[in-house]
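>>> Pasting the sequence and the predicted model now:
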Amino acid sequence: MTIPFVDLKSQYQALKKSIDARIHKVLDHGQYIMGPEVRELEERLEAYTGARHCITVASGTEALLISLMSLGIKPGDEIITTPFTFIATAEVIVLLGAVPVFVDIEPDTCNINASLIEAVITSKTKAIMPVSLYGQPADMDEINAVATRHGNIPVIEDAAQSFGAEYKGLKSCNLSTIGCTSFFPSKPLGCYGDGGAIFTNNDGLAQAMREIRVHGQTKRYVHTRVGVGGRMDTIQCAIVLAKLERFDWEIEQRLLIGRRYNEWIDSAGLQRVQQRPDRTSVFAQYTILLDQRDEAQKRFSDLSIPAMVHYPIPLNEQPAYKHLCCPDCTPVAQALSRRVMSLPMGPDLLEVDHERVVAALKIAIQQRPVLFQ
Ligand SMILES: Cc1ncc(COP(=O)(O)O)c(C=O)c1O
């Protein structure tokens, strides 16, 4: 039997009673847009992250877009970011007519290399957007320090993959000027459709974000700024509220499974994405590094183990983006995009399934050792 890459069915079965009750409550009160669950969730997430404001929005992409809009980003502005991420990170920059400036990544964590940021800051730099890739924050102290040195450039953490992670004891989403997360179903904290949230401690930005979320409206049918239709549905907020019930346990499970993978991968002499000691990754993905990745992935699929690639093409090599930055400017991202492969991961991954993944790796290594050097 094929092991699911992310097991959402088992999670639903475990939480069925609460999720169903929460959904029915919304159906009963009928406030599908901006119902009471929206603010209830925002308050819970403010308490969880320690951020003063949480603004729920329609998706992680919308969270990034609204954040940039709240900072007044305009055509020609430059936003520093990583090329090794999901397309949404750069897409929102380009949608506003701004220019993504891609900085190369660290070879061990695959996160933006903070030591390379200062060299690309110009008078046009209006934000720095690190991504907490695979569930692990980047070197946020170093990034915030560079931003402060250059006139308090706002830092937006794209925390779409890292809700629940920690950096030096602080929660992801509350590590910089703004944090943006996604509740896409397979994310560490997911809903059953699209959803996302923005976090900030800045009252002015929070107010702007709340207005932009509802078409720039300050009073009913009074639009004081340009906005978007960016609200998160009440039912999706209700689902996330139910899922929070066992979220701490889920994080513990992710850490346990991550540790088990680490031990085995290290003892087998394979290479993997490293976790730094001062941060906790929530392992949105568990990722190993292989020289002949595509062949290894095929061997895995023959053994009924799904393996996925996040991400096969750096953003500065994507057809719609490559004219924005020379693809060869980020050699580490280029090399790693050809080597990364993610293994099944999730809080409901049973020990027996985890052992099957490891056993499949062993078989694949025995059969074609050259693939795994
Ligand atoms: C790093 C990153 N940024 C942004 C997004 C966009 O989130 P959403 O799919 O909720 O729009 C994702 C989702 O895959 C992501 O992984």
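Received, thanks. Only a predicted model underlies this, so the values are computations on that prediction, with no experimental measurement involved.

>>> Can you name the residues of the stretch 1-150 of the chain sitting close to the ligand?
59, 60, 61, 85, 86, 88, 89, 131 (CB under 6 Å from any ligand atom). Where C-beta positions appear, they are placed from N, C-alpha and C, glycine not excepted.

>>> Buried members of those into PyMOL, please.
The buried subset of those, as determined by 16 or more other CB atoms under 10 Å, is captured in PyMOL by this line:
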select buried, resi 59+60+61+85+86+88+89+131
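
>>> Save the residues of the stretch 1-150 of the chain next to the ligand as JSON lines, and put in distance to residue 337 and secondary structure too.
Below are those laid out as JSON lines (distance: CB to CB, whole Å; DSSP: H, G, I helix; E, B strand; the rest coil):
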{"residue": "59", "distance to residue 337": "24", "secondary structure": "coil"}
{"residue": "60", "distance to residue 337": "21", "secondary structure": "helix"}
{"residue": "61", "distance to residue 337": "21", "secondary structure": "helix"}
{"residue": "85", "distance to residue 337": "11", "secondary structure": "coil"}
{"residue": "86", "distance to residue 337": "13", "secondary structure": "coil"}
{"residue": "88", "distance to residue 337": "17", "secondary structure": "helix"}
{"residue": "89", "distance to residue 337": "15", "secondary structure": "helix"}
{"residue": "131", "distance to residue 337": "14", "secondary structure": "strand"}
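
>>> Quick check: residue 80 is in a strand.
Yes - in this structure, residue 80 lies within a strand as judged by DSSP: H, G, I helix; E, B strand; the rest coil.

>>> tell me the contacts of it?
The neighbours of residue 80, taking CB atoms under 8 Å, 6 or more residues apart in numbering as the test, are 101, 103, 117, 120, 121, 125, 127, 128, 129.

>>> how near is it to the ligand?
Separation of residue 80 from the ligand (CB to the nearest ligand atom, to the nearest Å): 15 Å.

>>> In the beta-sheet assignment, what are the partners of that residue?
Under the criterion DSSP bridges, residue 80 forms beta bridges with residue 101, residue 128.

>>> how close does it sit to residue 343?
According to CB to CB, to the nearest Å, residue 80 stands 31 Å off from residue 343.

>>> which stretches of this protein have low pLDDT?
For the chain, the stretches with pLDDT under 70 are 327, 368-373.

>>> hey, where'd the helices end up in it?
For the chain, applying DSSP state H gives helices covering 8-29, 36-49, 60-70, 88-95, 140-149, 203-213, 234-243, 247-267, 293-302, 331-337, 351-367.

>>> list the buried ones in the fourth one?
When neighbours are counted by 16+ other CB under 10 Å, the buried residues of helix 88-95 are found to be 88, 89, 90, 91, 92, 93, 94.

>>> for the last one, what are its contacts?
If you count contacts by CB under 8 Å, 6+ apart, residue 94 has them with 100, 321, 324.

>>> Give me the neighbour count for the residue nearest to the second one when sequence neighbours are not counted.
Of all residues beyond its chain neighbours, the one nearest residue 321 is residue 315 (5.4 Å), with distances taken as CB to CB, 6 or more residues apart in numbering. Residue 315: 28 surrounding residues under other CB atoms under 10 Å.

>>> Could you report the distance from residue 315 to residue 247?
Relative to residue 247, and taking CB to CB, residue 315 is found at 30 Å.

>>> ok, now residue 178?
With CB to CB as the criterion, residue 178 and residue 247 are 22 Å apart.

>>> okay, those two: which has more neighbours?
Remark: of residue 178 and residue 247, residue 178 carries more neighbours, 32 against 17, as counted by other CB under 10 Å.

>>> quick one, what contacts the closest residue to the ligand within the chain?
Minimum separation of the chain from the ligand (CB to the nearest ligand atom) falls at residue 60, amounting to 2.5 Å. By CB under 8 Å, 6+ apart, the residues touching residue 60 are 88, 158, 160, 180, 181, 182, 183, 184, 187, 196.

>>> residues touching the first one, list them.
Contacts for residue 88 (CB under 8 Å, 6+ apart) come out as 60, 61, 64, 160.

>>> And for residue 294, the neighbour number?
Considering only other CB under 10 Å, residue 294 is surrounded by 12 other residues.

>>> What of residue 363?
Neighbours of residue 363 using other CB under 10 Å come to 15.

>>> what's the answer for residue 17, then?
9.

>>> Skip the chain neighbours and tell me the closest residue to residue 279.
Nearest one to residue 279, counting by CB to CB, 6+ apart, is residue 167 at 4.8 Å.

>>> That neighbour reaches residue 137, doesn't it?
Yes - look at residue 167 against residue 137 with CB atoms under 8 Å: they come within range, at 4.1 Å.
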